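>>> One predicted model, sequence on top.
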Amino acid sequence: MADSLQESHAELSTSRSRILAAADQARRRIERDLHDGTQQRLVSLVLELRAAQNAVPVDQPELRARVARLTETLPAALDELRELSRGIHPAILSEGGLPPALRALARRTLLPVELDVDVPRRLPEPVEVAAYYVVSEALANTTKHAFASSVRISAHARDDALRLSVHDDGVGGAVAGRGSGLVGLTDRVEALGGTLTLDSPSGHGTTLEARLPLG
């Protein structure tokens, strides 16, 4: 019975990993289609609108104003699409790996972020993706709920595992599973054989730690 239970557990773990990999491949494909298709067409349309704006005669101010409004609105829609695309699957992660992806997250965060990243090589793709979303979710929660003044991100890759830590100096009191998105992250991390822990004593900040095996 023990052997059967162990075998069932191994099959379940393998199945979860396959589902996770398939979902990530689909997200990456959608991001690539948006980038190479829709985004490029919108960029071309923005350029054409600007040319049209310059070609409108000065004695037609109403038409010039309408074209100007379109020229101003379309870049905002393009920025929104790019942000959506990053949320589906960040291209910078596929192209450059975890360190530049974490730096990009830090730049987009409204709080001061201290980075301590020691990842000298490309990691397995599922590990990079999981690490990216752990940090992204932690930063989003800190910005929304922690009332923090700073955040520290640590990512160290050793022979056996990647160890992540995101710490803020906010109010603490965070609880996994209360709308924080950590439940889904826990499933993702555990599907890779890793662990995710949350330490958030009230009044003493929040620390989210993950260990992701590299085997």
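Cool, the structure landed. Residues are numbered from 1 along each chain as shown.

>>> Just grab the bridge partners of residue 156 for me.
residue 118, residue 163 (DSSP bridges).

>>> Low-confidence bits of the protein, can you list those?
1-24, 26-28, 30-31, 33-35, 83-87, 177-180 (pLDDT under 70).

>>> where along it do the helices fall?
2-33, 40-55, 61-88, 91-96, 98-108, 125-141, 182-191 (DSSP state H).

>>> of those, which approaches residue 166 most closely?
helix 125-141 (3.8 Å; Cβ to Cβ). Quick note: C-beta positions are derived from backbone N, CA and C, even for glycine.

>>> Report all helices and strands that the closest one contacts.
helix 2-33, helix 91-96, helix 98-108, strand 151-157, strand 161-168, helix 182-191, strand 206-213 (3 or more Cβ pairs under 8 Å, 6 or more residues apart in numbering; DSSP states H and E).

>>> distance between that helix and the chain's centre?
Here helix 125-141 is found 6 Å from its chain centre; the criterion is Cα atoms, centre = their mean, to the nearest Å.

>>> Name the residues that touch that helix?
Residues from elsewhere that reach helix 125-141 (Cβ atoms under 8 Å, 6 or more residues apart in numbering): 17, 20-21, 24, 89-90, 93, 97-98, 101-102, 105, 109, 113, 122-123, 151, 153, 155, 162, 164, 166, 174, 180-182, 185, 188-189, 192, 194, 196, 206, 208, 210, 212-214.

>>> What distance do you get for the nearest residue to residue 174 once chain neighbours are set aside to residue 173?
Counting by Cβ to Cβ, 6 or more residues apart in numbering, residue 174 lies nearest to residue 200, which is 3.9 Å off, once chain neighbours are set aside. Distance of residue 200 to residue 173, given as Cβ to Cβ, to the nearest Å: 6 Å.

>>> between those two, who's got more neighbours?
residue 200 (21 against 14; other Cβ atoms under 10 Å).

>>> can you list the domains in this protein?
The chain is divided into the following domains under automatic domain parsing: 2-89, 97-213.

>>> Ranking the ones you listed by mean neighbour count, which comes first?
Neighbour counts (mean count of other Cβ atoms under 10 Å) averaged over each of those peak at domain 97-213, with a mean of 17.
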